[in-house]
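# okay, sequence plus prediction incoming.
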Amino acid sequence: MIFFWLKEAIKLIGRAKSSFFLSLFSISISVFLIIASLISIQISNEFQQSLKRNVNINIFLKDSITVRETELLRLQLESKKYINTINYISKDEAAKNFIKETGEDFRKQLDYNPLPSSFQVTLNDKYVEKDSLNKIINSLSQLTGVDDVVFQQEFVYGVLSQIDKVRKYIFVITAILFFIAIYIIYSTIKLIIKSKYEELETMKLVGAKLSTIKMPIVLNGIIIGLLAGIISLAVFYSLFYYFGNLIELRRFFNFNGGLYIVVALLIGPVIGSLVSLISLRKITLKI
């Protein structure tokens, strides 16, 4: 029976070539969009995590702070669970860094070093959220010996906000295009059923089972979905490796090729079979 269903499903492709290619194109677009959305979300997540891991907070110390007080402050910072790394920058190191970055030696005009010593800390990424950062800055500002706490607040908040917005747009656009593609597939399968109306009525008259009538169309949808998955994968990999090498995209995230192959080869047949079943729901053995 399975071979009969499969044979009939393949016949459907030959009978409705235009509908077949339209369905194939629609499902290929849908699968490609899903893969592209997953990739975009993964890239945005990894970029966001990378940004969070590299948020530097500069804790500038008072000029009057003693060596002992500096060591006590370091111990306090090390005890904070939200701090990942700590780097102490002395006044001399701060002066050297300033001269290296600006090319200007203020020591020629001044007989003292106006730059403060500081601790440069990075945070655990799970604490790099707007509310958490505000609390952390306030907490660090109140420590003994601290003169000022500075970090790129507007830049960090701005980038994190933009990443969240982009992610939402990706979901919305993909969902809209996905449902458009589903509608096209649904309409195409309805056309196939309409073109086979007389044949289906004849099968009912000779006592064919409902599964014999429906399963070839469902299998047809699965076959189209599988082909669409393969096509979308081929297009995606071609584009990814071309543009990936061009802009060194693979440096930004860990590409899990196996995951996307499985997704593509499952999503296509699932879409094809589900839309076919929905399209066939009104077909009964009633004459």
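That came through, no problem. Numbers count the residues shown, from 1 in each chain.
# what's the residue most central in space within the chain in contact with, if anything?
With distances taken as C-alpha atoms, centre = their mean, Ile41 lies nearest the centre of the chain, 0.9 Å away. By C-beta atoms under 8 Å, 6 or more residues apart in numbering, the residues touching Ile41 are Arg167, Ile170. No exception for glycine: its C-beta is placed from N, CA and C like everyone else's.
# show me what counts as buried in the helix or strand harbouring Met215.
Using DSSP states H and E, Met215 maps to helix 210-247. By 16 or more other C-beta atoms under 10 Å, the buried positions in helix 210-247 come out as 213-233, 236-237, 240.
# check which element follows it along the chain.
Proceeding N to C from helix 210-247, the next assigned helix or strand is helix 257-279, under DSSP H and E.
# who touches that following helix?
Counting by C-beta under 8 Å, 6+ apart, residues outside helix 257-279 touching it are 23, 27-28, 30-31, 34-35, 38-39, 182, 185-186, 189-190, 193, 214, 217-218, 220-230, 232-233, 236.
# compute the inter-axis angle for it and helix 210-247.
Between helix 257-279 and helix 210-247, the angle comes out at 150 degrees (axes from the mean of the first three to the mean of the last three C-alpha atoms, to 10 degrees).
# just the C-alphas of helix 257-279, formatted as PDB.
Taking C-alpha atoms only, helix 257-279 is exported to PDB below (Å, rounded to 0.1, in the frame of the first residue of the first chain):
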ATOM      1  CA  GLY A 257      25.900  23.100  10.500                       C
ATOM      2  CA  GLY A 258      24.400  19.800  11.600                       C
ATOM      3  CA  LEU A 259      21.600  21.500  13.500                       C
ATOM      4  CA  TYR A 260      20.500  23.500  10.500                       C
ATOM      5  CA  ILE A 261      20.600  20.500   8.200                       C
ATOM      6  CA  VAL A 262      18.300  18.600  10.600                       C
ATOM      7  CA  VAL A 263      16.000  21.700  10.900                       C
ATOM      8  CA  ALA A 264      15.800  22.100   7.100                       C
ATOM      9  CA  LEU A 265      15.200  18.400   6.400                       C
ATOM     10  CA  LEU A 266      12.500  18.300   9.100                       C
ATOM     11  CA  ILE A 267      10.800  21.600   8.600                       C
ATOM     12  CA  GLY A 268      10.200  21.200   4.900                       C
ATOM     13  CA  PRO A 269       8.300  17.800   5.100                       C
ATOM     14  CA  VAL A 270       6.500  19.000   8.300                       C
ATOM     15  CA  ILE A 271       5.200  22.100   6.500                       C
ATOM     16  CA  GLY A 272       4.300  20.100   3.400                       C
ATOM     17  CA  SER A 273       2.400  17.300   5.300                       C
ATOM     18  CA  LEU A 274       0.600  19.700   7.700                       C
ATOM     19  CA  VAL A 275      -0.600  22.000   4.900                       C
ATOM     20  CA  SER A 276      -1.700  18.900   2.900                       C
ATOM     21  CA  LEU A 277      -3.700  17.500   5.900                       C
ATOM     22  CA  ILE A 278      -5.400  20.900   6.500                       C
ATOM     23  CA  SER A 279      -6.300  21.200   2.800                       C
END
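# give the rounded mean pLDDT of that helix.
Helix 257-279 carries an average pLDDT of 77.
# for that helix, buried residues please.
For helix 257-279, by 16+ other C-beta under 10 Å, it's 260-261, 263-265, 267-269, 271-276, 279.
# ok, those vs Gln153, which is closest?
Closest to Gln153 out of those is Tyr260 (36.7 Å), distances taken as C-beta to C-beta.
# gap between that closest one and Thr85?
Using C-beta to C-beta, to the nearest Å, Tyr260 is found at 34 Å from Thr85.
# Val150 too?
Taking C-beta to C-beta, one finds Val150 at 17 Å from Thr85.
# now swap in Ile34 and tell me
Separation of Ile34 from Thr85 (C-beta to C-beta): 38 Å.
# neighbour-wise, which of those two wins?
The residue with more neighbours, out of Ile34 and Thr85 and counting by other C-beta atoms under 10 Å, is Ile34; that gives 20 against 11.
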